[in-house]
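> model this:
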Amino acid sequence: MNIWCDDIEERIKDDYYACQYDQLRDLQRELESKLIGTKIPVVGNYYRDSTAQKVYASAKTNDLVGLEFDPTNKFDSNAICVLAELERIKPIHIGWINRDKARQISLTVSTCLTNNNLVKFDIKNIVLMAKIITRGTDSSRMIVEISQIKIKGV
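Below is the predicted model of the structure:
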């Protein structure tokens, strides 16, 4: 009898994870349709340490950066930080997404989470990948374009 119960429990668990996976896949598709191609200025590099400033200055057009939500940011709950890799070792926080764009993106993500019945899903499990499309001649201005959506569990 226990074996039968264990089997039922496993099948329920498998169905739950399959259902959740499908919801996350739907979420990813919806976010891709709404956010891919969005162009965003990167700001706030001068608040970062010297290592981050060097990584920012050395970033080139077409390099990929990660955009991670930072809902615990004490200045802005919609904050999105920009991360670039340092020598392929670890991501370095090099700046922030412009405040207005971060608010728009956060609202879009929240709406998509609600549409997919995932209101309790942690927004930190969503990472936007973006390509650097513009660099100023003095390396001070950077604009990125969202090119991919990554969701933990998909």
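
> going forward, measure contacts and count neighbours with C-alpha atoms only.
Will do.

> do you know how far the closest residue to Lys152 other than its chain neighbours is from Ile149?
Distances taken as CA to CA, 6 or more residues apart in numbering place Asn125 nearest to Lys152, at 5.4 Å, with adjacent residues excluded. Here the criterion is CA to CA, to the nearest Å. By it, Asn125 lies 11 Å from Ile149.

> could you do Met142 as well?
Separation of Met142 from Ile149 (CA to CA): 20 Å.

> and Ser106, what helix or strand is that in?
Here Ser106, judged by DSSP states H and E, is contained in helix 99-115.

> tell me which residues are up against that helix.
For helix 99-115, contacts defined as CA atoms under 8 Å, 6 or more residues apart in numbering pick out Leu27, Glu30, Leu31, Lys34, Leu35, Ile40, Asn78, Ala79, Ile80, Val119, Phe121.

> please save the CA atoms from it in CSV.
Taking C-alpha atoms only, helix 99-115 is exported to CSV below (Å, rounded to 0.1, in the frame of the first residue of the first chain):
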residue,chain,number,x,y,z
ARG,A,99,14.9,54.6,-13.8
ASP,A,100,11.9,55.3,-16.2
LYS,A,101,12.8,52.2,-18.4
ALA,A,102,13.3,50.1,-15.3
ARG,A,103,9.8,51.0,-14.0
GLN,A,104,8.3,50.2,-17.4
ILE,A,105,10.1,46.8,-17.6
SER,A,106,9.1,45.9,-14.0
LEU,A,107,5.5,46.8,-14.8
THR,A,108,5.6,44.6,-17.9
VAL,A,109,7.1,41.7,-16.0
SER,A,110,4.6,42.1,-13.1
THR,A,111,1.7,42.1,-15.6
CYS,A,112,3.0,39.0,-17.4
LEU,A,113,3.5,37.2,-14.0
THR,A,114,-0.2,38.0,-13.2
ASN,A,115,-1.3,36.9,-16.6
